[in-house]
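**Student:** show me how the following folds:
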Amino acid sequence: MPDLPPARTLLPQAPATCYDLVILTYDERLIRRKRLTTVHGESFLVDLPAVTNLDDFWGFQLDDGRTIQVIAAEESLLQITGDLPRLCWHIGNRHTPCQVEPNRLLIRRDHVLENMLRQLGATLTLVTEPFTPEGGA
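**Tutor:** As a prediction, this is how the structure comes out:
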């Protein structure tokens, strides 16, 4: 099967139609130039002018006008509950990507952070779900 045309355009919103989709982890959604494969096995080159966090966009428009949606992959995460402002400060102090929600925080699993958070009184639960942390300052 031949490659799809390259993607040089990012779409901030969903278009009327969607040709295919890619499922990417948090690290894979930080991209500049890379070959991706859709869920239906077709590949295409992403060629952006700068490293971009795809969480800010719906997906790609290929050079021929077809669109590819970006979906956040499920990942093994650590759900954190407790004194969230205090816990969030300690996580941020370590420059760790963190998904901030009203009643919980989510980070990628890290045994050093797990130990620190337990010592700070956090309740920790292993979960598997998409990870969409806050963007950097």
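
**Student:** which stretches in the chain count as strands?
**Tutor:** 7-11, 20-24, 30-37, 43-53, 59-62, 67-72, 74-81, 99-101, 104-108, 123-130 (DSSP state E).

**Student:** so where's the chain uncertain?
**Tutor:** 1-2, 136-137 (pLDDT under 70).

**Student:** okay, now the domains of it?
**Tutor:** 7-72, 75-130 (automatic domain parsing).

**Student:** columns mean neighbour count on top of those domains, output as a markdown table?
**Tutor:** Placement of C-beta: from N, CA and C, glycine included. Formatted as a markdown table, the domains of the chain follow (neighbours: other C-beta atoms under 10 Å):
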| stretch | mean neighbour count |
| --- | --- |
| domain 7-72 | 15 |
| domain 75-130 | 15 |
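
**Student:** mind putting the strands of the chain in JSON lines, distance to residue 114 included?
**Tutor:** Converted to JSON lines, the strands of the chain look like this (distance: least, C-beta to C-beta, whole Å):
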{"stretch": "strand 7-11", "distance to residue 114": "35"}
{"stretch": "strand 20-24", "distance to residue 114": "25"}
{"stretch": "strand 30-37", "distance to residue 114": "24"}
{"stretch": "strand 43-53", "distance to residue 114": "25"}
{"stretch": "strand 59-62", "distance to residue 114": "34"}
{"stretch": "strand 67-72", "distance to residue 114": "22"}
{"stretch": "strand 74-81", "distance to residue 114": "6"}
{"stretch": "strand 99-101", "distance to residue 114": "16"}
{"stretch": "strand 104-108", "distance to residue 114": "9"}
{"stretch": "strand 123-130", "distance to residue 114": "6"}
